[in-house]
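Asks: Coordinates for the following, if possible.
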Amino acid sequence: MLTLTYFKRSEFDCKHTGLNGMAPEFLERLDRLRAACGFAFSITSGYRDTSHPNECRKAKGGTHTQGIAADIRITNGADRYMIVQNALLLGFTGIGVAKTFVHVDIRETTPVLWTY
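Replies: Numbering: from 1, shown residues only. Have a look, this model is predicted:
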């Protein structure tokens, strides 16, 4: 059974359907990211069912539908920097930086970093 130090599995439920298909290896790595950052953060989006409005617009399911991604709420540049820095060190391979959140994932394709 998966035991997380900083998160509850329910924090990652699809906001549209309530389903949760999060990959345990992703959740464990995210827990390590939280420990490395040294400050609490909340998840604004975890698992997304393929029927989720954000996913319906995509030709194929994204990393959220695979259970290997999360969006982390941020409120300042120092936290944003710390999340990105530690995500890179911990081997996250997809990182998207926005004004109010940082997306992290563990895609197996070419590593990417982008802004919204």
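
Asks: Not counting sequence-adjacent ones, nearest residue to Asp79?
Replies: Counting by CB to CB, 6 or more residues apart in numbering, Phe39 is the residue found nearest to Asp79 once chain neighbours are left out, at 6.6 Å. Using the backbone N, CA and C atoms, a C-beta is placed for each residue, glycine as well.

Asks: Helix, strand or coil: sort out the one you found for me.
Replies: Here Phe39 is coil, with the state taken from DSSP: H, G, I helix; E, B strand; the rest coil.

Asks: For it, give me phi and psi.
Replies: phi -140, psi 150 (degrees, to the nearest 10).

Asks: what about stretch 12-29, start to end distance?
Replies: 14 Å (CA to CA, to the nearest Å).

Asks: Tell me which residues of it come out buried.
Replies: Residues of stretch 12-29 classed as buried by neighbour count (16 or more other CB atoms under 10 Å): Phe12, Asp13, Cys14, His16, Gly21, Met22, Phe26, Leu27, Arg29.

Asks: Could you pull up the mean pLDDT of it?
Replies: Stretch 12-29 shows an average pLDDT of 95 in the prediction.

Asks: looking at this, Thr109 is in a strand?
Replies: No - going by three-state DSSP, the assignment for Thr109 is coil, not a strand.

Asks: what's the offset of stretch 69-78 from the middle of its chain?
Replies: Stretch 69-78 has its C-alpha centroid displaced from the chain centroid by 10 Å (CA atoms, centre = their mean, to the nearest Å).

Asks: Sorry, slip of the keys, the one I care about is stretch 36-45.
Replies: The chain centre lies 10 Å from the centre of stretch 36-45; the measure is CA atoms, centre = their mean.

Asks: Can I get stretch 76-88 in PDB, CA atoms only?
Replies: Provided in PDB are the C-alpha atoms of stretch 76-88 (Å, rounded to 0.1, in the frame of the first residue of the first chain):
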ATOM      1  CA  ASN A  76       5.600  33.700  -5.500                       C
ATOM      2  CA  GLY A  77       8.700  33.500  -7.600                       C
ATOM      3  CA  ALA A  78      11.000  32.000  -4.900                       C
ATOM      4  CA  ASP A  79       8.600  29.000  -4.500                       C
ATOM      5  CA  ARG A  80       8.300  28.700  -8.300                       C
ATOM      6  CA  TYR A  81      12.100  28.600  -8.600                       C
ATOM      7  CA  MET A  82      12.500  26.100  -5.700                       C
ATOM      8  CA  ILE A  83       9.900  23.700  -7.200                       C
ATOM      9  CA  VAL A  84      11.500  23.900 -10.700                       C
ATOM     10  CA  GLN A  85      15.100  23.500  -9.400                       C
ATOM     11  CA  ASN A  86      14.200  20.400  -7.200                       C
ATOM     12  CA  ALA A  87      11.900  18.900  -9.900                       C
ATOM     13  CA  LEU A  88      14.900  18.900 -12.300                       C
END
